[in-house]
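1. Need a 3D model of the sequence below.
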Amino acid sequence: MRSIRRAALGATLLALVVGACSSGGGDSSTIAGTLILGGPPECPQRPFCAVGLEETYGLTFKEFKPLDSGGPITVEAVKNGQVDVGVLFTSDPAIAVNGFVLLEDDKSLQLADNLVPVLRQEVLDATPEAAKILDELSSKLTQEALTELNKQVAVDQVDPADAAKAWLATLSLASGSAGAGKEVTVGSTNFYEQEILGELYAQVLEANGFTVERKFQLGNREIVFPALEAGEIDLLAEYAATALEFVNAGAGEATTDAAATTAKLRERLGPKGLTALEPAPATDQNGFVVTKETADTYGIAKLSDLAKPAP
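-> Below is the predicted model of the structure:
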């Protein structure tokens with residue numbers, strides 16, 4: 001599971017890290033060829049980072065600067081203009097805090113780590129309406145909404161239950177008594193985003209008559225998944241591609257297609273007495289960000305825009 005983003009490190013550490021540069025030699029006739037890319041040190045060798053950007057989008061950058069893995073050093077480097085494009089997780093609250101522009105992965109470079117509810121088949125069989133309730137919620141969970149919720153909890157210190165309640169109040173979700181007399185236990189790993197999602201699931205089920213018990217901050221996936229299989233919890237927020245590769249022992253079945261990846265996850269979960277519902281638009285995966293100033297200067301909103309001729 002994604003680790004909690006740590007507080008910003010000191011300027012000295014940032015200077016030491018960004019001082020170690022890798023040569024680039026990008027095509028200066030394109031926008032990308034005039035910009036500096038910053039990200040984890042292994043980015044130049046990774047298919048979902050620099051290698052994928054070149055193979056999928058035809059992008060090579062002027063220079064690469066090794067930073068950290070979607071953490072505070074990368075955030076500071078983008079903010080301060082030491083890099084033009086930074087690699088962060090797509091739901092990182094720093095995107096909202098700093099007004100960064102998350103460039104759309106319009107050619108689907110990244111595997112589909114869309115958020116998806118995973119629950120026990122026994123619960124779904126007993127109350128089929130739960131699928132409709134949770135699918136409706138997932139359809140509303142955009143990237144912007146998830147990032148803002150993460151910001152409220154991780155940065156503004158809003159209680160996850162309060163943040164979830166306030167956001168749900170802005171939606172026109174169905175409510176009723178479909179779950180009257182039914183009990184559901186919602187779990188989460190020890191990651192603030194997971195607790196937010198657990199609260200969203202819990203509160204929307206409660207609005208439909210379910211009695212919900214919360215078991216949050218249980219530990220990592222290696223702890224929570226066995227609890228789900230054992231019936232100690234009934235419902236868990238997951239990430240389609242990562243969950244699939246977890247349950248299939250890294251068989252490499254995840255793709256960039258959210259529907260196909262979720263369908264394969266559902267297939268793999270079946271023998272475990274579990275199932276997956278529909279994926280949300282929101283993801284928590286590698287993304288590429290720029291400042292709003294950079295986006296406005298070059299007129300870029302998606303990764304393919306970086307292949308346009310340099311001004």
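
2. And stretch 95-109, what's buried?
-> Neighbour-count burial for stretch 95-109 flags Ile95, Ala96, Val97, Phe100, Val101, Leu102, Leu103, Asp105, Leu109 (criterion: 16 or more other CB atoms under 10 Å). All C-beta spots, glycine's among them, are computed from the backbone N, C-alpha and C.

3. make that stretch 79-94, sorry
-> Neighbour-count burial for stretch 79-94 flags 79, 82-94 (criterion: 16+ other CB under 10 Å).

4. for the buried residues of stretch 95-109, which one is nearest Asp162?
-> Comparing the buried residues of stretch 95-109 against Asp162 with CB to CB places Ala96 closest, at 17.3 Å.

5. Then the closest one would be within a strand, right?
-> No. Judged by DSSP: H, G, I helix; E, B strand; the rest coil, Ala96 forms no part of a strand; its state is helix.

6. confidence score at it?
-> You'll see Ala96 listed with a pLDDT of 94.

7. hang on, it packs against Ala145?
-> No. In this structure Ala96 lies outside contact range of Ala145 using CB atoms under 8 Å: 10.4 Å.

8. now the helices for the stretch 201-311 of the chain?
-> 221-229, 240-247, 258-269, 292-298 (DSSP state H, counting those that start in this stretch).

9. Point out the most buried one among these.
-> Across those, averaging neighbours per residue (mean count of other CB atoms under 10 Å) puts helix 240-247 on top, at a mean of 24.

10. relative to helix 258-269, how tilted is that one?
-> 20 degrees (axes from the mean of the first three to the mean of the last three CA atoms, to 10 degrees).

11. So what's the model's average confidence on helix 240-247?
-> Across helix 240-247, pLDDT averages out at 96.

12. And that helix, what does it pack against?
-> Packing partners of helix 240-247 (3 or more CB pairs under 8 Å, 6 or more residues apart in numbering; DSSP states H and E): strand 115-120, helix 221-229, helix 258-269.

13. Could you list the residues in contact with the shortest one?
-> I take that to be strand 115-120. The set of residues external to strand 115-120 that reach it, using CB atoms under 8 Å, 6 or more residues apart in numbering, is 130, 134, 138, 141, 146, 197, 201, 228, 231, 234-240, 243, 262, 265, 269, 273-280, 282-284.

14. what are the pairing partners of that strand, and which direction each?
-> The pairing partners recorded for strand 115-120 under DSSP bridges are strand 235-239 (antiparallel), strand 274-276 (antiparallel).

15. Leu171 is nearest to which of those?
-> That would be strand 235-239 among the strands paired with strand 115-120, by CB to CB, at 17.2 Å.

16. Return the closest one as PDB; C-alpha atoms alone will do.
-> Extracted in PDB, the C-alpha atoms of strand 235-239 (Å, rounded to 0.1, in the frame of the first residue of the first chain):
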ATOM      1  CA  LEU A 235     -15.500  -4.500   2.500                       C
ATOM      2  CA  LEU A 236     -12.300  -2.800   1.600                       C
ATOM      3  CA  ALA A 237     -11.200  -0.100  -0.900                       C
ATOM      4  CA  GLU A 238      -8.600  -1.400  -3.300                       C
ATOM      5  CA  TYR A 239      -6.600  -0.400  -6.300                       C
END
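
17. quick check: angle from it to helix 221-229?
-> Using the same axes, to 10 degrees: strand 235-239 against helix 221-229 is 140 degrees.

18. got the residue ranges for the strands in this structure?
-> 22-23, 36-39, 63-66, 85-89, 101-102, 115-120, 183-187, 211-215, 235-239, 274-276, 286-290 (DSSP state E).

19. hey, which of those strands is tucked in deepest?
-> Mean neighbour counts for these (mean count of other CB under 10 Å) peak at strand 235-239, with a mean of 28.

20. so where is the chain shaky, pLDDT-wise?
-> Along the chain, segments meeting pLDDT under 70 span 1-27.

21. hang on, isn't Leu168 packed against Gln203?
-> Yes. Counting by CB under 8 Å, Leu168 does reach Gln203; the two are 5.8 Å apart.

22. higher neighbour count, the two?
-> Gln203 (20 against 16; other CB atoms under 10 Å).

23. so that one sits right up against Lys165, yeah?
-> Yes. Gln203 lies in contact with Lys165 (CB under 8 Å); the separation is 6.2 Å.

24. Just send the helices of the stretch 201-311 of the chain back as TSV, with distance to Ala174 too.
-> Compiled in TSV, the helices of the stretch 201-311 of the chain are given as follows (distance: least, CB to CB, whole Å):
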stretch	distance to Ala174
helix 221-229	26
helix 240-247	25
helix 258-269	22
helix 292-298	37
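
25. now Asp305: how far from Glu222?
-> The gap separating Asp305 from Glu222 is 40 Å, by CB to CB, to the nearest Å.

26. hmm, back to that, for Pro66, find the nearest of the helices and strands packed on helix 240-247.
-> Nearest of the helices and strands packed on helix 240-247 (CB to CB): helix 221-229, 27.8 Å.

27. between that closest one and strand 183-187, how many degrees?
-> Using the same axes, to 10 degrees: helix 221-229 against strand 183-187 is 170 degrees.
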